[in-house]
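Novice: Return a 3D structure for these sequence lines:
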Amino acid sequence: MSAVSTVREATFEVLRRFGLTTIFCNPGSTEVALLTGLPDDLRFVLALHEGSVVGMATGWAIGHGAPALAVLHTAAGLGNAVGAIATARANRVPLVILVGQQDRRHLALEPFLAGRLAGLAGDYPVWVDQPVRAQDVPGAVARAFHEAVTFRGPALVVVPLDDWAAPFKDETIAAPTRLLRPAAVSDESLVPLAALLSDARSPAIVAGAGVGVNMGGVASGPSGEGAVASGPSGGDAGAVASGRSDESLALAGSGVRGAGWAAVVALAERLGCPVWQESFGAMAGFPQDHPQYAGVLPADRGRLRAALAAHDVVLAVGAPVFRQYPFDTGPLVEPGTTVALVTDDPAEAHRSPADLAYLAAPAAVCERLAVLVPARPAPLRPAPDGPELPSEGEILRAAHVLHQLARRLPADAVLVEETPSSRPDLHRLVPARNPLGFVSAAMGGLGFGVPAAVGLRMSLPDRPVVAVVGDGSALYGVHALWSATHYRVGALFVVLANGRYAIMDRLADKAGGKAPWPAFTEVSMGGMARSLGCAAKRVDTAEELAAVLDEVMPTLVDREEPLLLEVTVAVDPDFQP
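Specialist: Below is the predicted model:
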């Protein structure tokens, strides 16, 4: 570390070392000492609400494949951001979050703005630290980076405002400059799993978000083995070779995430087996235009058993065993079905009711299994049919919008989803053709879609980014549209506006009672967007939809201005949550 004189300067050096040079923030007085007069190489990004701060940082981290930095204002800021922090944890996205605190010298008196911060975000942070000394702050920030990468989630450091000016000389940074995590697996260790798959009569794979997740870069370990590096010097991993060379795999093989996709494709094609997508996953774990893709795994035990009944061995890769939504009785799979798991998430492995579990890098395991197991013929799956467009005067439904969007969506597009009542149609009609072709909130709370799309586009300026959100969902993160406009973030926001919480209405119907909540048809998402400086267009007919998509979609890569399309849709009468 170069010569520095204060804790603030030492912390800036740590941020530079780990590539944390973009600061997502909604500032308060406890952060002024840190933020005023930032060096020119540190970029400040303002969001108008702390949920958007963390949501945008989450999108940035997903796009970069490395931790992002957020700064929050004491109890009020951290409290406002807890939902977004929970989403980052469920999505396994590493974040470094600095939380301001009142002056250390009179905290004992609980002055105005003093926060009880250690437990405010509950168990959602992977690590929380309140450094004992001001001089421990730079080391805590460095350790937070490593903790965030290792445990795939937000790591918090609470910093009293007077700490930044404290002297820093001849101090020790209590964190490694670079941390390697070897990811290689030996063929010998895979013998039990290879034998299980080789002997299977009818195997199946369930692929999840963990297939494509790699945060922190990839470097070469001391013996040349693959290793995840917690630091800025990691590079991309090459794609795993497979029998396919189409557009999806070309996109999948373009970086670290693509290595996981390509490895699972190679294994699936070797086994000739169907591949399911985990339910409620944060990202796609397999190309959804692949002929062996079987769809999204049902999230209730009865339908889950039926979906997997024909298979004697089910391998979950980067996915939990198995994620549920409504409770149902009975086992997860039929008797006689053996379940195996490959994940690099210790908690996911430890809680899984699997017969055989591997705590290892999914890409490395699948790459070797594709060599070790015998080849089988593969089944084919026909592509889904799109819905007929509505007749003149008939209101659009979400399926119509999604089908028209899918016809024009570039193969390399990043698609962010937050439309609970339309998610089944989106899964059916808009296949993910690259590892970021489907990005969603695994936690289930609303407010992710709009800010995450902003952060993703900021981190991936050469990729088209589209967010498909319901109007109810968009209201939770609408503040991020101002940031998109101010920072010239050319994302497209397609808001499916039905003026109600449609999924809640259906759940109330299933429960046999009358919903006490009203519709909110008075809300104009276009009006709210324009009030935040974001351009907006209203779409009411199929003809208007086709015209605006034909105009906008070819410009997505080069756009610098965000655009919100408020598309009026009717609720599908056949929708079941």
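Novice: May I ask you to confirm that Arg428 belongs to a helix?
Specialist: Yes. Assessed by DSSP: H, G, I helix; E, B strand; the rest coil, Arg428 belongs to a helix.
Novice: Skip the chain neighbours and tell me the closest residue to Ala86.
Specialist: Tyr124 (4.6 Å; CB to CB, 6 or more residues apart in numbering). Placement of C-beta: from N, CA and C, glycine included.
Novice: For the one you found, what are phi and psi?
Specialist: phi -70, psi -40 (degrees, to the nearest 10).
Novice: Same check on Thr150?
Specialist: phi -60, psi -50.
Novice: I figured it hits Leu180, correct?
Specialist: No. Judged on CB atoms under 8 Å, Thr150 makes no contact with Leu180 at a distance of 11.4 Å.
Novice: Could you check how far the residue nearest to Ala86 is from Arg270?
Specialist: Here the distance between Tyr124 and Arg270 works out to 39 Å (CB to CB, to the nearest Å).
Novice: Val450: what secondary structure?
Specialist: Going by three-state DSSP: Val450 is helix.
Novice: Now it. Nearest residue, chain neighbours left out?
Specialist: Spatial nearest neighbour of Val450, excluding adjacent residues (CB to CB, 6+ apart): Gly477 at 3.8 Å.
Novice: where in the chain is pLDDT low?
Specialist: For the chain, the stretches flagged by pLDDT under 70 are 1-2, 213-257, 379-394, 573-577.
Novice: ok, how many other residues are close to Pro461?
Specialist: Counted by other CB atoms under 10 Å, the residues lying close to Pro461 total 14.
Novice: I meant to write Gln130 there.
Specialist: The number of residues packed near Gln130 is 16, by other CB under 10 Å.
Novice: got the contact list for it?
Specialist: Gln101, Leu117, Ala118, Val157, Val158 (CB atoms under 8 Å, 6 or more residues apart in numbering).
Novice: Run through the strands of the stretch 301-450 of the chain in chain order.
Specialist: Using DSSP state E, counting those that start in this stretch, the strands of the stretch 301-450 of the chain run over residues 313-317, 338-343, 356-359, 414-418.
Novice: Out of those strands, which is closest to Leu190?
Specialist: Judged by CB to CB, the one of the strands of the stretch 301-450 of the chain that comes nearest to Leu190 is strand 356-359, at 8.0 Å.
Novice: what are the pairing partners of that closest one, and which direction each?
Specialist: Sheet pairing for strand 356-359, assigned by DSSP bridges, gives strand 338-343 (parallel).
Novice: circling back: hang on, the residue nearest to Ala86 packs against Pro154?
Specialist: Yes. Assessed by CB under 8 Å, Tyr124 is found in contact with Pro154 at 7.0 Å.
Novice: So Leu120: helix, strand or coil?
Specialist: Secondary structure assignment for Leu120 (three-state DSSP): coil.
Novice: quick one: Ala155 from Pro125, how far?
Specialist: Distance from Ala155 to Pro125, by CB to CB: 6 Å.
Novice: where do the contact lists of the two overlap?
Specialist: Shared contacts of Ala155 and Pro125, counting by CB under 8 Å, 6+ apart, come down to Ile97.
Novice: Have a look at these two and say which one is more surrounded.
Specialist: Shown here are Ala155 and Pro125; by other CB under 10 Å, Pro125 has more neighbours (29 against 25).
Novice: returning to what we had before: now the residue nearest to Val450: how far from Ala299?
Specialist: Using CB to CB, we find Gly477 at a distance of 24 Å from Ala299.
Novice: Neighbour count for these two, which is higher?
Specialist: Gly477 (27 against 17).
Novice: list the contacts for the more buried one?
Specialist: Counted by CB under 8 Å, 6+ apart, Gly477 has contacts Gly51, Ser52, Gly55, Leu446, Gly447, Phe448, Gly449, Val450, Pro451.
Novice: go on, Gly444?
Specialist: Gly444 touches Ala90, Phe280, counting by CB under 8 Å, 6+ apart.
Novice: Buried residues, stretch 172-187. List them.
Specialist: Ile173, Ala175, Leu179, Leu180, Arg181, Pro182, Ala183, Val185 (16 or more other CB atoms under 10 Å).
Novice: That stretch: how far from the chain's middle?
Specialist: 24 Å (CA atoms, centre = their mean, to the nearest Å).
Novice: start to end distance for it?
Specialist: End-to-end span of stretch 172-187 (CA to CA, to the nearest Å): 41 Å.
Novice: try stretch 111-128
Specialist: First-to-last residue span, stretch 111-128, CA to CA: 22 Å.
Novice: Other residues contacting it?
Specialist: 28-30, 74-76, 78-79, 81-82, 85-86, 88-89, 97, 99, 101-103, 107, 130, 143-144, 147-148, 150-158.
Novice: so Leu372 touches Ala194, yeah?
Specialist: Yes. Counting by CB under 8 Å, Leu372 touches Ala194, with 4.3 Å between them.
Novice: Closest to His350 out of the contacts of Gln130?
Specialist: Relative to His350, the closest of those is Ala118; by CB to CB it sits at 25.2 Å.
Novice: List the ones among the buried residues of stretch 172-187 that fall in strands.
Specialist: Assigned to strands by DSSP state E, the following of these qualify: Leu179, Leu180, Arg181, Pro182.
Novice: on that earlier part again, format the buried residues of stretch 172-187 as TSV; extra columns: distance to Pro67.
Specialist: TSV is the format used below for the buried residues of stretch 172-187 (distance: CB to CB, whole Å):
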residue	distance to Pro67
Ile173	17
Ala175	13
Leu179	12
Leu180	16
Arg181	14
Pro182	20
Ala183	18
Val185	25
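Novice: In this structure Thr74 contacts Gly100, no?
Specialist: Yes. Using CB under 8 Å, Thr74 makes contact with Gly100 at a distance of 5.0 Å.
Novice: Give me the more crowded residue out of these two.
Specialist: When Thr74 and Gly100 are compared for neighbours, Gly100 comes out ahead with 29 against 24, by other CB under 10 Å.
Novice: If the more buried one is in a bridge, with which residues?
Specialist: Beta-bridge partners, per DSSP bridges, of Gly100: Val159.
Novice: So it versus Val32, what's the distance?
Specialist: 9 Å.
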